[in-house]
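Q: return atomic coordinates for the entry below.
(2 chains)
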Amino acid sequence: MEDTIAAIATPSGEGGIAIVRVSGENAIELVDKIFLPVAGGRSLQERAGYSMGLGWVLDREGQKVDEVLVSVMRGPRSYTTEDVVEINCHGGLLPARRCLEEVLHRGVRLAEPGEFTRRAFINGRLDLSQAEAVIDVIRSRTDKGMRIALRQLEGGPGRKLREIEERLIGINARIEASIDFPEEVGDVDEEAAARELLEVGRELEQILDVSRRGRIYRQGIKVVIAGKPNVGKSSLLNALLQENKAIVTDIPGTTRDVVEDYLNIRGIPVRVMDTAGWRETKDVVEKIGVERTREVIAEADVVIVVLDVGAGISQEDLDIRDLLAGKKTIVLVNKEDLPEKRITTQELEEMFGDWPVIRGSVKEDMGLEELEQAIEKLVLRGEVQADDMEMMVNLRHEEALHQAKVHMEAAKMALEADLSLDCLAVDVWGALEALGEATGRNLREDVIDRIFEEFCIGK
Amino acid sequence: MESHDYEVIVVGAGHAGCEAALAAARMGCKTLLITLSLDGIALMPCNPSIGGPAKAQLVREIDALGGEMGINIDKARIQIRMLNTGRGPAVQAMRAQADKEVYQKEMTRTLLAQENLELLEAEVERIEADSGQVEAVVTDSGDRYRTKALVLTTGTYLKGRIIIGDISYEGGPHPLPAATKLSENLRELGFAMGRHKTGTPPRVARESIDFTRTEEQPGDDRILNFSYMSPKKKKPQVSCWLTHSTPRTHEIVMQNIHRSPLYTGVIKGTGTRYCPSFEDKVVQFADKDSHQIFIEPEGLHTDEMYIQGMNTSLPEDVQLAVLHSIPGLENARVLKRGYAIEYDYVVPSQLRLTLETREIHGLFTAGQVNGTSGYEEAAAQGLIAGINAARQVKGQEPFILKRSEAFTGVMIDDLTTKGINEPYRLLTSRAEYRLLLRQDNADLRLTRMGYQLGLVKEDRFRRLQQKVEKMAEVRQEMEEYRIKPGHPEVEALLAERDQGRLRDAVTIWELLRRPEIGMDDLVQAGLVSEEVEEEIRSQLEIECKYEGYIKKQVEQVERFERMEAKRIPEGIDYDEVPGLSNESRVKLKEVRPESIGQASRTPGVSVADVNVLLIYLEKKRRSSEHERGFAEVQGTAAGRE
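A: Prediction:
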């Protein structure tokens, strides 16, 4: 059997469930490490082939990531004829991605495009007539992946990645030059190397942190619907949900006051914070407390302020507005289907400045399309992004960065334990090779080139 | 015109040729070694040393497989040192200074004494091949020597041209002539040839050097050998000397740079970045106002001193002025001037991993003719080519060392897969699994193979087996014996190293894993017997202390070998493989990788292309299985009739 690989097997975005497929020699054992069966349930290793278990996927801190159904298929009776585990997560990109990440962090490799199908074919599972189709799958997925990767590499994350790569090449070259040309180059300044490793490690961590917090395609964004009572906030939420066929989940750990729902707007996972607790109160700000309100709003990437065109703009609306200073906000003027209209464009301009305004009716499905467009526009082009790094949607890059970080940590430990240079080199090479996988370059040659550029070698 | 029959002919008696000829003869083939000059056997035309990082590993590998270089340098060495002692066991490397004359003499003696091996002084001008099979070589006298396999180890002699300042003439490394006709012949046979440049520094008379102005570099005061078979005793050693170039030196170079053939465009071959000429160093590293210059003896009975770091093709008068600006060399008298040499090489992507050319069956090339540099690189290739020539003659399977098995494997895989654009020098950085390919464990890695090849003799193999058994036995003891808290010697040792007392019982192995405890401490504390050989002790110490890292690398190797095990059939037609990108197709046709692993290392071949290739191979396999099945059915049917 070949090494263990994993990928999301269902098309991204849509669908009630998403499947993370894991295949290879240690598939069952490795998934078991992140799988907590429901009380009385069996571990995957104890399960019979072709059975399913209910439970949770846990992250490294033991926190529940998602409630899942996991099926176990023992080779050769599986798609690839290897041991296969399929994790059925809740739909949308986010839960599946997080489950996949946890699997990858346990030492499973991210599958190449079309690799499951390739294995299925090689292992005799698919017949000859399907060979061409398999090749097409590999080619098209790869080409698409390449296009996306290339596009990303042109932007901010690519630059950052290259910077880190450059620095790692430099560290590597210094170590290697000292090993291969000890008399010409002399000793490595271990303190300087340690410092630099630490710095690069931090940079890696930063990118990973930002992208972990990253809100756009990967983890989605947070949208808060605000407004005084009875302006149509919950109807708006329901309408969005209906339109986007999302699954409603209660995420543990959030406050009673705010219920969260996931939905998918134009491929972006969106976490809508329905301010349910605000619904029945007379004075929103007083009841919840300014602080809590600020907190919820502070977390939001986009706020939708809902106004009732029939009620006009009141002091309450203005209180809410004042809380939103500096936020990306969309003003939705609701109930435009009713005859009563007590909000003028001039008023809106005076009171809400240049915030985008959409006039519509949730009930009549007016303006929802525009609203979604506005959200997308704000998220993708606006300043919602902390910076370009958040655009790093390519899981392969992230996985490479993660692997690089693991190696950097090992290198740090090697330095602290005062291990010899040849061991340190194993980890530094590891980090560099992980990065090389993201860019598809063999960085070993770059290191050798760098040795000759930087050091005058030639005994 | 005479005609003679051999099984293997080797052309060139440099470091590659000697190994190739000895290997073939030792494996029982009737072998002929042809050289331009019988006085030039195993010549060291450049630096008088063998070993150093990566190169020492090669020499140890050659030795472990039953080759000659290790034994020969042990006989000829006049100084030996261990480099990189502070950088970890994986990268430690011996380097020896050789008495060049003794080196040549000893190697010549070994060749002459070798059964199945004949020597001949002649220039080979032509290779004869018939329908892609090598047949014979023809010498300058018109004699024809028939052979089943031919190994070309012609070094830097092919169309060699010596350049000093504005003088240039046809010639091989000093004092031998160049071989011009053979290079043309190789082109006619269809080989792509490249051109490289290398150089050598001036040699200076010993008595003209003021050593008081230099720094002495003595050898190591301990027993070190390249060969596992050499007697373990100390030999008298001589020193090398270190001095530095001065700002004045650099001034002289810059004032005369217009007279350097490198800058006037006279030299067209590609030079090496790791062994640049002195003028290159001055130009490219203009911010450095001093470079190291090592002064090394070329032997015990010669006055010639090698000026390491000063290789140059500047005119003679400039060479002299440069030398005179260096402390200790103010009055230096030049015995031989430095020169640059340009030569043709066979582009190595035309070779299989056995070093056989794909173009002509039975024709192998090894050493500098393949575009490498260094005596050690040459010798290791010579050995592999010799082994494979002999195996081919005997109808045996090819012998290929993988990247995970030996530095030799790394080098040959690099050469055939990645192509070269400068003389190739092996670096430890080129090896992915360096921690496993140490010089200390070359015997454990390769001697069994050498025995199976017929190169390692019975007694040596038995010694290896005993070592392996002893290591296992001692290791088991160390892993099983538990030291209880209060053990007087151990507690004393821990106290001495500022460590706390033992809280729980630990095994000897666990104790050794602690950074502050070494194998010698264990021997002193009576935990490991004094009778355990030093060699075994140090290997066990490495295995213990580096266990985690070694395990990491072993896992990497497992992944790597899976890809290597997937073979690509010889005759694959890449135009028939649907879905390959054009770039990959071109590269695959050029390199013709032998495994999926090699294909994935070929520059320009993407992951998707590798997958596409895998599917194509499987498809092929299934259809041929189907056809075979069909043929069998038909066969049975025919039989019944």
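Q: counting neighbours, what do you get for the closest residue to B:L427 other than its chain neighbours?
A: Counting by C-beta to C-beta, 6 or more residues apart in numbering or on different chains, A:D180 is the residue found nearest to B:L427 once chain neighbours are left out, at 4.6 Å. Where C-beta positions appear, they are placed from N, C-alpha and C, glycine not excepted. When neighbours are defined as other C-beta atoms under 10 Å in any protein chain shown, A:D180 has 27 of them.
Q: check contacts around A:D180.
A: A:451, B:53-54, B:427-429 (C-beta atoms under 8 Å, 6 or more residues apart in numbering or on different chains).
Q: will you turn those into a markdown table that also has distance to B:K148 and neighbour count?
A: Listed next are the contacts of A:D180 as a markdown table, based on distance: C-beta to C-beta, whole Å; neighbours: other C-beta atoms under 10 Å in any protein chain shown:
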| residue | distance to B:K148 | neighbour count |
| --- | --- | --- |
| A:I451 | 43 | 26 |
| B:P53 | 38 | 25 |
| B:A54 | 34 | 27 |
| B:L427 | 36 | 22 |
| B:T428 | 37 | 25 |
| B:S429 | 39 | 24 |
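Q: where in the chain is the helix or strand with the lowest mean pLDDT?
A: The chain I'm using is chain A. helix A:284-288 (a mean of 49; mean pLDDT, DSSP states H and E).
Q: is A:L307 in contact with A:D317, as I believe?
A: Yes: with contacts counted by C-beta atoms under 8 Å, A:L307 reaches A:D317, the gap being 6.1 Å.
Q: give me the nearest residue to the residue in the stretch 151-300 of chain A that chain B sits nearest to, chain neighbours excluded.
A: Nearest residue of the stretch 151-300 of chain A to chain B (C-beta to the nearest C-beta) works out as A:E176 at 4.2 Å. Spatial nearest neighbour of A:E176, excluding adjacent residues (C-beta to C-beta, 6+ apart): B:S429 at 4.2 Å.
Q: strands of chain A, residue ranges please.
A: Applying DSSP state E to chain A gives strands spanning A:5-8, A:17-23, A:35-37, A:51-58, A:64-73, A:84-90, A:109-110, A:221-226, A:259-265, A:268-274, A:302-308, A:328-334, A:357-359.
Q: what strand or helix carries the residue most central in space within chain B?
A: In chain B, the centroid-proximal residue (C-alpha atoms, centre = their mean) is B:E377; its distance is 2.6 Å. Element membership for B:E377, per DSSP states H and E: helix B:375-393.
Q: show me what the helix or strand following that helix is packed against.
A: Using DSSP H and E, the helix or strand that follows helix B:375-393 towards the C-terminus is helix B:407-418. In terms of contacts (3 or more C-beta pairs under 8 Å, 6 or more residues apart in numbering or on different chains; DSSP states H and E), helix B:407-418 is packed against helix B:55-64, helix B:375-393, helix B:596-601.
Q: out of those helices, nearest to chain A?
A: Comparing the helices and strands packed on helix B:407-418 by C-beta to the nearest C-beta, helix B:596-601 comes nearest, at 8.0 Å.
Q: interface residues of the stretch 151-300 of chain B facing chain A?
A: B:273-276, B:281, B:284-285, B:288, B:291-292, B:294 (C-beta under 8 Å from any C-beta of the partner chain).
Q: any residues of the stretch 351-500 of chain B in contact with chain A? List them.
A: B:418, B:427-430, B:432, B:434-435.
Q: got those residues as JSON lines, with secondary structure and pLDDT columns?
A: JSON lines is the format used below for those (DSSP: H, G, I helix; E, B strand; the rest coil; pLDDT from 0 to 100):
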{"residue": "B:K418", "secondary structure": "helix", "pLDDT": "91"}
{"residue": "B:L427", "secondary structure": "coil", "pLDDT": "94"}
{"residue": "B:T428", "secondary structure": "helix", "pLDDT": "94"}
{"residue": "B:S429", "secondary structure": "helix", "pLDDT": "93"}
{"residue": "B:R430", "secondary structure": "helix", "pLDDT": "94"}
{"residue": "B:E432", "secondary structure": "coil", "pLDDT": "93"}
{"residue": "B:R434", "secondary structure": "coil", "pLDDT": "93"}
{"residue": "B:L435", "secondary structure": "coil", "pLDDT": "93"}
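Q: re earlier: what's near enough to touch the residue nearest to A:E176?
A: Contacts of B:S429 by C-beta under 8 Å, 6+ apart are A:176, A:179-180, A:444, A:447-448, A:451.
Q: try it again at 7 Å.
A: A:176, A:180, A:447-448 (C-beta atoms under 7 Å, 6 or more residues apart in numbering or on different chains).
Q: how about JSON lines for those residues, with pLDDT added?
A: Supplementary listing: these in JSON lines, determined by pLDDT from 0 to 100:
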{"residue": "A:E176", "pLDDT": "93"}
{"residue": "A:D180", "pLDDT": "92"}
{"residue": "A:V447", "pLDDT": "87"}
{"residue": "A:I448", "pLDDT": "84"}
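Q: about what we covered before: filter the residues of the stretch 151-300 of chain B next to chain A down to the buried ones.
A: B:273-276, B:281, B:291-292, B:294 (16 or more other C-beta atoms under 10 Å in any protein chain shown).
Q: wait, which of those residues is closest to A:V296?
A: Comparing those against A:V296 with C-beta to C-beta places B:R273 closest, at 60.6 Å.
Q: my read: the closest one touches A:F452, true?
A: Yes: when contacts are counted by C-beta atoms under 7 Å, B:R273 is listed as touching A:F452 (3.9 Å).
Q: closest to B:H15 among the buried ones among the residues of the stretch 151-300 of chain B next to chain A?
A: Taking these together and measuring to B:H15 by C-beta to C-beta, the closest member is B:C275, at 16.6 Å.
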